[in-house]
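Quick one: sequence plus predicted model below, questions after.
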Amino acid sequence: MSESSAPQAIRIAQHGYALDVLAHLGGALAGLQFQGLEVLRRVAPDIDEPLESSGFALMPFANRIAHGRFRIGTRAVQLQPNAPGQTHPLHGHAWREPWTVESREAGRLALAYEHAAGEWPWAYRARQVFTLSESGLEVMLVLENRAAEPMPAGIGWHPYLRRTPAARLRAPVKGVWLADAQCLPTALAPPGQIWDFSRGAPVPQTLVDHCYTGWSGRADLVLPEEQVCVRIEAQEPLRWLHVYSPPGEAFLCLEPVSHMPDALNRIEPPAVSGLRLLAPGEALGARVTLTVSREPCSA
């Protein structure tokens, strides 16, 4: 494929924000700027792996399903791994498929993905609507069950936020799921047993890859060196916050999600796991807003 015919990022810009979207690559992002400041990690528009992007949507489930196996009623499902180096299928399907542009304006872009029943035995429709306003970047996520029977469902957003060495995170939470070596949840614990960001704390230089529960719906990432505050606010049902911060990298992921990892295999009630079943024709949606300020984060 020649350079001129290679898929290009779609840019929308307004109110000092500029967003680049890779509709052909899972509806992923290739960067977000605010007044020239890189907010998400910047990537080349010709990447071919969503895990190397600036962020993507999580549908129809978030995080891992242990060994890809689960049962809904009498239906047993087996999913194959879908990411390099991963034993367990990760983050659904929509991030691995091309999306269709529904509409495009100066500061708004709507994408859609239609999934036919197959290994995941339920048809569904996913939508992402990106809107730039004075409040920042708004991401609207909608997942609709197009099958003739109830479908397990989850949604989330997976941004790769640029971090600095002195970065601090504040995210009020009530608990954290401890995890094993394969990043599968083992037990629910007070947040202080791992890293408690409820009142604000430095982002550790060691690995963080944990799901926090009872999240308030707001998280502030402070970059003191640049006097920048990046705020993420999420609507219900996004009340789980998965924090992924690998050592030695200049990014971290603050992922608002509607359920814990491996929710499909947990015995806890839905109020704890977040597991949802959508009736035929029913939709699950939520809005995430990312705001950048060059002033201190307000309380």
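In hand now; what should we look at?

how about the helices of the chain, start to end?
Applying DSSP state H to the chain gives helices spanning 270-273.

where does it have low pLDDT?
Within the chain, the ranges that satisfy pLDDT under 70 run 1-6, 299.

Would you mind confirming that residue 216 is in contact with residue 173?
Yes - in this structure, residue 216 is within contact of residue 173 by Cβ atoms under 8 Å, at 7.4 Å. Just so you know, the C-beta spots here come from the backbone N, C-alpha and C atoms, and that holds for glycine as well.

and these two? which has more neighbours close in?
Between residue 216 and residue 173, residue 173 has the larger neighbour count (other Cβ atoms under 10 Å), namely 21 against 15.

right, and that one touches residue 199 too?
No - judged on Cβ under 8 Å, residue 173 makes no contact with residue 199 at a distance of 10.7 Å.

before we move on, the earlier item: what sits in contact with each of residue 216 and residue 173?
Shared contacts of residue 216 and residue 173, defined by Cβ atoms under 8 Å, 6 or more residues apart in numbering, are absent.

what about residue 123, distance to residue 151?
9 Å (Cβ to Cβ, to the nearest Å).

Comparing the two, which shows the higher neighbour count?
residue 151 (25 against 17).

Need the nearest residue in space to the more buried one, chain neighbours excluded.
Setting aside the residues directly before and after it, residue 151 is nearest to residue 122 in space (Cβ to Cβ, 6 or more residues apart in numbering), at 3.9 Å.

which residues does the one you found contact?
60, 145-147, 149, 151.

can you tell me how far it sits from residue 136?
Distance from residue 122 to residue 136, by Cβ to Cβ: 33 Å.

Kindly report the same for residue 254.
Taking Cβ to Cβ, one finds residue 254 at 14 Å from residue 136.

out of these two, which sits in the more crowded spot?
Set side by side, residue 254 and residue 136 show more neighbours around residue 254, with 27 against 22, by other Cβ under 10 Å.

all strands for the stretch 101-250 of the chain, in order.
With strands called from DSSP state E, counting those that start in this stretch, the stretch 101-250 of the chain shows them at 108-115, 124-133, 136-145, 151-153, 156-162, 168-170, 175-179, 185-189, 201-202, 208-213, 218-223, 228-234, 240-245.

of all those, which lies closest to residue 294?
Distance to residue 294, taken as Cβ to Cβ, is lowest for strand 228-234 among the strands of the stretch 101-250 of the chain, at 6.0 Å.

residues in contact with that closest one?
With Cβ under 8 Å, 6+ apart, strand 228-234 has contacts from 37, 39, 136, 157, 159, 161, 215, 217-223, 254, 256, 286-297.

Mind giving me the ChimeraX command for buried ones among those residues?
In ChimeraX, selecting the buried portion of those, with burial taken from 16 or more other Cβ atoms under 10 Å, looks like this:
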select :39,136,157,159,161,215,217,218,219,220,221,222,223,254,256,286,287,288,289,290,291,292,297
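
so who does the nearest residue to residue 138 once chain neighbours are set aside touch?
Spatial nearest neighbour of residue 138, excluding adjacent residues (Cβ to Cβ, 6+ apart): residue 131 at 4.4 Å. Going by Cβ under 8 Å, 6+ apart, residue 131 touches 107-108, 137-138, 140.

Same question for residue 265.
Taking Cβ under 8 Å, 6+ apart as the criterion, residue 265 is in contact with 65-66, 69-70.

any idea how far it lies from residue 120?
With Cβ to Cβ as the criterion, residue 265 and residue 120 are 15 Å apart.

Ok, residue 239 next?
24 Å.

Tell me, how many residues neighbour residue 48?
Counted with other Cβ under 10 Å, residue 48 comes out at 9.

and the nearest residue to it once chain neighbours are set aside, how many residues sit next to it?
Nearest non-adjacent residue to residue 48, counting by Cβ to Cβ, 6+ apart: residue 25, 7.0 Å away. Per other Cβ under 10 Å, the neighbour tally for residue 25 reads 25.

which residues does residue 25 contact?
7, 47-48, 50, 53, 98.

Do I have it right that residue 222 meets residue 297?
Yes - between residue 222 and residue 297 there is a contact at 5.8 Å, judged by Cβ under 8 Å.

Residues that sit against both of those two, list them.
With Cβ under 8 Å, 6+ apart, residue 222 and residue 297 have common neighbours 170, 229.

what sits against residue 125?
112-115, 143-144, 146.

can you pick the most crowded of these?
Neighbour max across these (other Cβ under 10 Å) = residue 143, 29 neighbours.
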